[in-house]
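K.L.:
got a structure for you, letters missing:
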């Protein structure tokens, strides 16, 4: 499959419409017992309706703008996406964080650092006293422009946990998913993070990598992959990191496009459904997370956000954040949720079971 | 599709117990246990299985262990090297038998 250099939206691809994606996802039942609805699967595990536990993670997507156009991106992010969070919405988020009780704020995008108010936002979040701030950094942004070169130092100063995607320790497999030259730039950025102390023993600066498969297959043991990544990145590039999170690609947006175009959609869904794990289902991240979109709406997770499935409460915007009604809500599920319950489970923090 | 090898049949492998449950159960238990992390990692075992799949030319196993090695984080170079081990051994097995040919030749020749 050729590498698209634009988002689905700017290519006017029909998958840019969430209705189209949801229609495809709901029409998966074609053979045997495999394509059972996720709702029924949860019922069998006595988990339906899925309800939240205590809110721990306040995840904010500060915009779809990105310097990369990864083939598997569930956000449909890219340089051509201009939707980014305003400072006003960020202020509403700060107020909501204070009353949320969440111990972690997780910033994602796009490339969150491209939002002109990103640094201001991080500083304001620091003042709320949350115990952890995560930035999901795509690495290449650090070397994309001189104005981003000091990001490692900025992250260090605010004791940010950096979580970065690196699908493999070779250029070929990384670039096939993330774009030409991405691997080389990622290695350079990882070295810059190591230089300020990230991933090094004796510091509390956490650098965690995200592995997601470069193709229509599931990740295997997170521990084995971490071992392999540590060995290879150290010997080949003298790079250190803390943990590896193995994340399953969900059939949403550009990964859905890839699955369909490569003829793998049916078999990939079969595989996810066959690998349904009730223990992983009980531990899905949407139970302890709230996800806020660039325009301030609330979702159960970042994937529901991209499918525009807002939280099932009366107050759906961060400006009228209501912890009580959110705690009482039922979580919206659909067929894409099989991605988080397959095998060892999958979340923004890696495996769950 | 009417062929001896049908890709969909791989999914039905678990059904062999329909005709003889006890032995199938024992086989699958043994199979599962064999592939767990042990003195060798599950990843190393999967690469061995990929090589054996090629040696025995089993299309089902080639498919299954291409997916399995990929999932376990192996790349194309590692997978192809595993197949080369299998190929090298097959060539070596042929060639080492030529010693027998040479022995017989020498026995019969003046």
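P.N.:
That came through fine. Keep in mind the model is a prediction, meaning the values are calculated, not measured.

K.L.:
so the strand or helix carrying residue B:54, near chain A or not?
P.N.:
Take DSSP states H and E as the rule and residue B:54 turns out to sit in helix B:42-55. Yes - judged by CB under 8 Å from any CB of the partner chain, helix B:42-55 and chain A are in contact via B:42, B:43. Placement of C-beta: from N, CA and C, glycine included.

K.L.:
quick check: buried residues in that helix?
P.N.:
B:43, B:44, B:45, B:46, B:47, B:49, B:50, B:51, B:53, B:54, B:55 (16 or more other CB atoms under 10 Å in any protein chain shown).

K.L.:
would you format the residues you listed as CSV with distance to residue A:284 and pLDDT included?
P.N.:
Formatted as CSV, those follow (distance: CB to CB, whole Å; pLDDT from 0 to 100):
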residue, distance to residue A:284, pLDDT
B:43, 27, 93
B:44, 32, 95
B:45, 30, 97
B:46, 28, 97
B:47, 32, 98
B:49, 32, 98
B:50, 33, 98
B:51, 38, 98
B:53, 35, 97
B:54, 39, 98
B:55, 42, 97
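
K.L.:
mind putting those into JSON lines with distance to residue A:175?
P.N.:
Converted to JSON lines, those look like this (distance: CB to CB, whole Å):
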{"residue": "B:43", "distance to residue A:175": "23"}
{"residue": "B:44", "distance to residue A:175": "27"}
{"residue": "B:45", "distance to residue A:175": "30"}
{"residue": "B:46", "distance to residue A:175": "25"}
{"residue": "B:47", "distance to residue A:175": "24"}
{"residue": "B:49", "distance to residue A:175": "29"}
{"residue": "B:50", "distance to residue A:175": "25"}
{"residue": "B:51", "distance to residue A:175": "28"}
{"residue": "B:53", "distance to residue A:175": "29"}
{"residue": "B:54", "distance to residue A:175": "28"}
{"residue": "B:55", "distance to residue A:175": "33"}
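
K.L.:
before we move on, back to that, show me what the helix holding residue B:54 is packed against.
P.N.:
When contacts are defined as 3 or more CB pairs under 8 Å, 6 or more residues apart in numbering or on different chains; DSSP states H and E, helix B:42-55 packs onto helix A:222-237, helix B:59-71, helix B:76-96.

K.L.:
on that earlier part again, closest to residue A:21 among the buried residues of helix B:42-55?
P.N.:
residue B:46 (33.4 Å; CB to CB).

K.L.:
residues near the residue lying closest to residue A:72 once chain neighbours are set aside, how many?
P.N.:
Nearest-residue entry for residue A:72: residue A:255, 4.3 Å, with adjacent residues in sequence omitted and distances by CB to CB, 6 or more residues apart in numbering or on different chains. The number of residues packed around residue A:255, counting by other CB atoms under 10 Å in any protein chain shown, is 22.

K.L.:
same question for residue A:116.
P.N.:
Neighbours of residue A:116 (other CB under 10 Å): 9.

K.L.:
help me confirm that it is found in a helix?
P.N.:
No - assessed with DSSP: H, G, I helix; E, B strand; the rest coil, residue A:116 is coil; it does not lie in a helix.

K.L.:
list the residues that contact it.
P.N.:
By CB atoms under 8 Å, 6 or more residues apart in numbering or on different chains, no residues touch residue A:116.

K.L.:
mind telling me what element residue A:313 is part of?
P.N.:
Here residue A:313 is assigned to no helix or strand, by DSSP H and E.

K.L.:
my guess is it meets residue A:327, correct?
P.N.:
No - taking contacts as CB atoms under 8 Å, residue A:313 lies outside contact range of residue A:327: 9.6 Å.

K.L.:
which residues of chain B lie near chain A?
P.N.:
B:41, B:42, B:43, B:67, B:68, B:70, B:71, B:72, B:73, B:75, B:76.

K.L.:
for residue B:74, give its distance to residue A:178.
P.N.:
Distance, residue B:74 to residue A:178, by CB to CB, to the nearest Å: 20 Å.

K.L.:
where are the low-confidence patches of chain B?
P.N.:
B:1 (pLDDT under 70).

K.L.:
hang on, the earlier thing: neighbour count: residue B:74 and residue A:178, which is higher?
P.N.:
residue A:178 (27 against 22).

K.L.:
phi first, then psi, for the nearest residue to the more buried one once chain neighbours are set aside.
P.N.:
Leaving out its chain neighbours, the residue that sits closest to residue A:178 by CB to CB, 6+ apart is residue A:70, at 4.7 Å. Per-residue torsions, residue A:70: phi -70, psi 140 (degrees, to the nearest 10).

K.L.:
residue contacts, residue A:70?
P.N.:
Contacts of residue A:70 by CB under 8 Å, 6+ apart are A:77, A:165, A:177, A:178, A:179, A:254.

K.L.:
how near is the fifth one to chain B?
P.N.:
The spacing between residue A:179 and chain B, counted by CB to the nearest CB, to the nearest Å, is 18 Å.
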